[in-house]
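quick check, what structure comes out for this input:
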Amino acid sequence: MNTFYEPAMEPEYPLPDYDPAMDEPEPPAPRRQPPFQTIHTHHGQIHNLHGETRLYTGYYVAFGAIHKWAAIGIKYARSEPSVSCDRKSAGKMLRTLRKEGAC
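Numbers count the residues shown, from 1 in each chain. Here you go, the predicted model:
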């Protein structure tokens, strides 16, 4: 008569030493740089887009309230183009260009 016998007690393995670094959160992943140059000013940013186009974004404080603004500037334009820009369209343009798409 053959019988299998397994002990009911499982062997205990030694616990590893506690490392406090295991409880620290991982650092955030670095952001990918956009495919255009951005210059930071004291109240905003200047984004040098494709060619001679610049997108200006920023804010100013008046009467205790913060007002945000955006503008487009085209250097060396032969004729004055009519460009309409607000913060929403400027944000959409920057998101599109960061993905290296076309506006």
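
give me the contacts around stretch 24-39.
45, 46, 47, 48, 49, 50, 94, 97, 98, 100 (Cβ atoms under 8 Å, 6 or more residues apart in numbering). Every residue, glycine included, has its C-beta placed from N, CA and C.

what about these, which are in strands?
45, 46, 47, 48 (DSSP state E).

let's see if you can find the most crowded of those residues.
The most crowded member of these, judged by other Cβ atoms under 10 Å, is residue 47 (21 neighbours).

so where's this structure shaky on pLDDT?
Applying pLDDT under 70 to the chain flags residues 1-3, 7, 76-84, 100-103.

swap the cut-off to 50 and go again
103 (pLDDT under 50).

now the strands: where do they sit in it?
Using DSSP E, the strands found in the chain span residues 37-41, 44-48, 53-62, 65-74.

please export the C-alpha coordinates of the first one as CSV.
Presented in CSV, the C-alpha positions along strand 37-41 are these (Å, rounded to 0.1, in the frame of the first residue of the first chain):
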residue,chain,number,x,y,z
GLN,A,37,10.9,76.0,-29.9
THR,A,38,9.2,77.7,-26.9
ILE,A,39,10.6,80.7,-25.1
HIS,A,40,9.3,81.4,-21.6
THR,A,41,8.8,85.0,-20.6
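
note down every partner strand of that strand and its orientation.
strand 44-48 (antiparallel) (DSSP bridges).

how about the contacts made by residue 85?
By Cβ under 8 Å, 6+ apart, the neighbours of residue 85 are 55, 70, 71, 72.

please indicate which of the residues you listed are buried?
55, 70, 72 (16 or more other Cβ atoms under 10 Å).

before we move on, back to that, in CSV, list the strands of the chain along with distance to residue 21.
Below are those laid out as CSV (distance: least, Cβ to Cβ, whole Å):
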stretch, distance to residue 21
strand 37-41, 33
strand 44-48, 36
strand 53-62, 39
strand 65-74, 40
